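Novice: this one's sequence-less:
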């Protein structure tokens, strides 16, 4: 593991994108910051701008309005970055799979911009903070393995 | 007068020392913040990991940005803090070697990082950056006057001098016994809070309303330089405060060394506690606070020092 990947694994800064979630996953994400879970132990911070981010935390299936905006946010993020799809909707559209106003799950929308994007999934409706932390750790480990292979 | 080689050596040592100290203080800041909120907080190597990661990331320059100004601004601010740190360390470790007017030089050098933020934010072509730059400019206009005024009692007590060495070596009234020095110290502490861009005076970056303000478009290596600049400012501003108003650092005796470290840690912890117990104020409230609240206090401190110094 080289120093760049070590830095990325120890200090993942997170930008939170809501692409049409019902706010349940967003509340669970905020719970991760509370004293009980305290993800700053792992160096994770919520950052205000996608330019500073290393991980995009996407919640909700992508609505047609949110689709170009999610793609733009992904393009604005400094690479290397990973995408973390949190919640059933972000993983597989959940109960909104057949809705007329949906443009598809976030992974499909992001792969339209970057076919080699690194995407991790945290299922659950909503996932518990423990599950989000476990998913983030596993996703980061996998991403670091990928990145250190080049 | 030192030769050029020795000067470059002093500069490099002071620069590296301040960098390490600044990163350590950045960790203290985050750890104390976490403890105030009953959290565990990040591990000790967190600032190093942050910088390593930022250096390894892609540097994006926005399409409409002024490329030169955007990329040069962080470096200029960084260089200015490094030189200011060298002058301050030099004055503390060898008071007789300081030159006439070095206090003015340090104060000017420490304004440059804030101005660099203004330049960088304005050059980034981002509306949030422009708002952040405008707020930072207003903040500079508000806090610089009380900051300099509050240091005047120390200059008077040092025998009407602008040399850091004289201020350090002249036996002057301490903050505990002299009203003028105590007032100056409190005013300076609040100005330092604004200069470091910490809550309640962080409206120039205000991540919840203008997405990081002047820093919004920075990524990768320039952001790492900004991170390091802020870390070094966090180390340098308390050094300036203690040097000018609280007797300075003395490492020649064991007691002096312990007192120096305690003074430094106390200033940092008070700064962090103020940051954690206050909400962000609006920019016009901040200007009113500095101009109509702190400036009269600083003037009062100067008057008291003048009255006290006349035999």
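Specialist: Thanks, I have the structure now. What you see is a predicted model, and the numbers here were worked out from it, not measured in a lab.
Novice: CA only for contacts and neighbour counts going forward, please
Specialist: Noted.
Novice: Return the distance of the strand or helix carrying residue B:300 from the chain's centre.
Specialist: If you go by DSSP states H and E, residue B:300 is part of helix B:295-309. Its chain's C-alpha centre and that of helix B:295-309 lie 23 Å apart, by C-alpha atoms, centre = their mean, to the nearest Å.
Novice: Quick check: chain neighbours aside, which residue is closest to residue B:35?
Specialist: residue B:41 (7.1 Å; C-alpha to C-alpha, 6 or more residues apart in numbering or on different chains).
Novice: does chain B sit close to the one helix or strand in chain A whose mean pLDDT sits lowest?
Specialist: Ranking every helix and strand in chain A by mean pLDDT, DSSP states H and E puts helix A:3-10 at the bottom, with a mean of 82. Yes: Helix A:3-10 comes into contact with chain B (C-alpha under 8 Å from any C-alpha of the partner chain), by way of A:3, A:4, A:5, A:6, A:7, A:8, A:10.
Novice: returning to that earlier point: please identify the buried residues of the helix holding residue B:300?
Specialist: Counting neighbours by 16 or more other C-alpha atoms under 10 Å in any protein chain shown, one finds that the buried residues in helix B:295-309 are B:295, B:297, B:298, B:299, B:300, B:301, B:302, B:304, B:305, B:308.
Novice: Go through the residues you listed and say which is closest to chain A.
Specialist: Taking C-alpha to the nearest C-alpha as the measure, chain A sits nearest to residue B:295 out of the buried residues of helix B:295-309, at 33.3 Å.
Novice: So which residues on chain B come close to chain A?
Specialist: B:37-43, B:46, B:49-60, B:207-208, B:211-212, B:216-220, B:223.
Novice: now with 7 Å?
Specialist: Residues of chain B lying near chain A by C-alpha under 7 Å from any C-alpha of the partner chain: B:37-43, B:46, B:49-50, B:52-53, B:56-60, B:207-208, B:211-212, B:216-219.
Novice: Would you point out which residue is most central in chain B?
Specialist: residue B:237 (3.4 Å; C-alpha atoms, centre = their mean).
Novice: and the gap between that one and residue B:189?
Specialist: 9 Å (C-alpha to C-alpha, to the nearest Å).
Novice: Ok, residue B:201 next?
Specialist: 13 Å.
Novice: In terms of neighbours, single out the busier of these two.
Specialist: residue B:201 (27 against 21; other C-alpha atoms under 10 Å in any protein chain shown).
Novice: Tell me if I'm right that that one and residue B:194 touch.
Specialist: Yes: counting by C-alpha atoms under 7 Å, residue B:201 touches residue B:194, with 5.1 Å between them.
Novice: Just the pLDDT at residue 115, thanks.
Specialist: By default, I'm working from chain A. Note for residue A:115: predicted pLDDT of 87.
Novice: My question was about chain B, not that one.
Specialist: Value for residue B:115, per-residue pLDDT: 91.
Novice: Near it, how many other residues are there?
Specialist: Per other C-alpha under 10 Å, the neighbour tally for residue B:115 reads 19.
Novice: For it, give me its contacts.
Specialist: Applying C-alpha atoms under 7 Å, 6 or more residues apart in numbering or on different chains to residue B:115 gives no contacts.
Novice: Contact residues of chain A facing chain B?
Specialist: So chain A meets chain B at A:3-4, A:7-8, A:10-11, A:35, A:38, A:40-43, A:48-49, A:51-52, A:78-80 (C-alpha under 7 Å from any C-alpha).
Novice: give me that answer again for 6 Å
Specialist: Listed as neighbours of chain B in chain A under the rule C-alpha under 6 Å from any C-alpha of the partner chain: A:4, A:7-8, A:11, A:35, A:40-41, A:43, A:48-49, A:51-52, A:78-79.
Novice: How many residues are close by the residue nearest to residue B:35?
Specialist: 23.
Novice: swap in the one 10 residues further on?
Specialist: Per other C-alpha under 10 Å, the neighbour tally for residue B:51 reads 23.
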